[in-house]
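**Q** please work out how this folds:
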Amino acid sequence: MFYHFMRFVGRIYWRLRLKIQIEGEASIPLEGPFILISNHVSNIDPFITHIFCPRLLFTMTKSSVFRFKITRFLAPKVGAFPTRRFRVDPQTVRVALRLLGEGKPVGVFPEGERSWDGNFRKFRIGTIKLLLKAGVPVIPCGINGTYEIAPRWGKFDWLAFRLRKERVVVRYGEPILFGNHDSRIAREKALPDAMERVVQALKSVT
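**A** Coordinates of the predicted model:
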């Protein structure tokens, strides 16, 4: 209930604050598990992703968010679960697979961190292996316009409402189906092609 309430409040705020345009919502499965992969160019991307996805989304979130009592309390209530950046986190993988096994969608930023210049960073190999192991539909999501509003090296004024709203486009692409790759050998063999497909899919929506 809290998650639904925060999404409701969030949609009001972001619709007032920005000119939000959603494209390709039909690509989001109405039921069942999937993994949403998004580009990451701004500190407001996670808010946009969570709030405007048609389904309740559970996302990997950097562990530093959970350092403070208030965020450690609130983050899990709005679908966030921690992951350590720059390394494979087995606990995070187990949580993601458990959520997918329960039929829930999981969100991942395959670059692992925000871009400094608005261009793609190198995608994390561990993320691609997770996509192969999960064997569920992968939905590319392009978040366009947030870099110009709140880049990594800048700040976002949460209280600054202007008459001229900034435009943000959230674009969902066609699902990518990798099939099941249960063994490590199978995932290693499929990794180069899967990496290329993910890169091209995200480029097509950004």
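**Q** now do the strands in the chain.
**A** Along the chain, counting by DSSP state E, strands occupy 18-23, 35-38, 58-62, 80-83, 106-108, 138-144, 166-172.
**Q** so how far is the first one off the chain centroid?
**A** Spelled out, that is strand 18-23. 17 Å (Cα atoms, centre = their mean, to the nearest Å).
**Q** go through the longest helix that the chain contains and flag the buried ones.
**A** Under DSSP state H, the helix in the chain containing the largest number of residues is helix 184-205. Going by neighbour count (16 or more other Cβ atoms under 10 Å), the buried part of helix 184-205 is 187, 190-191, 194-195, 197-199, 201-202, 205. For the C-beta atoms, the positions are set from N, CA and C on the backbone; glycine is no exception.
**Q** report the distance from the helix or strand bottoming out on mean pLDDT in the chain to the chain centre.
**A** The helix or strand of the chain with the poorest confidence is helix 69-74; it has a mean of 86 (mean pLDDT, DSSP states H and E). With Cα atoms, centre = their mean as the basis, helix 69-74 stands 20 Å off its chain's centre.
**Q** how about stretch 132-147?
**A** 6 Å.
**Q** same check on stretch 114-125?
**A** That offset, for stretch 114-125, works out to 13 Å (Cα atoms, centre = their mean).
**Q** show me the contact partners of that stretch.
**A** Outside stretch 114-125, the residues within contact range by Cβ atoms under 8 Å, 6 or more residues apart in numbering are 39-43, 45, 110-113, 147, 151-153, 191, 195, 198-199, 202-203.
**Q** so which elements touch the longest helix of the chain?
**A** strand 35-38, helix 125-134, strand 138-144 (3 or more Cβ pairs under 8 Å, 6 or more residues apart in numbering; DSSP states H and E).
**Q** take those and lay them out in TSV including distance to Trp14, mean pLDDT and mean neighbour count.
**A** Shown next, in TSV, are these (distance: least, Cβ to Cβ, whole Å; pLDDT from 0 to 100; neighbours: other Cβ atoms under 10 Å):
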stretch	distance to Trp14	mean pLDDT	mean neighbour count
strand 35-38	16	98	24
helix 125-134	26	94	21
strand 138-144	12	97	24
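**Q** now render these as a markdown table, adding distance to Phe68.
**A** Formatted as a markdown table, the helices and strands packed on helix 184-205 follow (distance: least, Cβ to Cβ, whole Å):
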| stretch | distance to Phe68 |
| --- | --- |
| strand 35-38 | 24 |
| helix 125-134 | 26 |
| strand 138-144 | 25 |
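**Q** out of these, which gets nearest to Glu166?
**A** strand 138-144 (11.2 Å; Cβ to Cβ).
**Q** does anything pack onto the closest one? Which helices or strands?
**A** strand 35-38, helix 45-52, strand 166-172, helix 184-205.
**Q** adding distance to Phe73, write these out as a markdown table.
**A** Formatted as a markdown table, these follow (distance: least, Cβ to Cβ, whole Å):
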| stretch | distance to Phe73 |
| --- | --- |
| strand 35-38 | 25 |
| helix 45-52 | 17 |
| strand 166-172 | 28 |
| helix 184-205 | 32 |
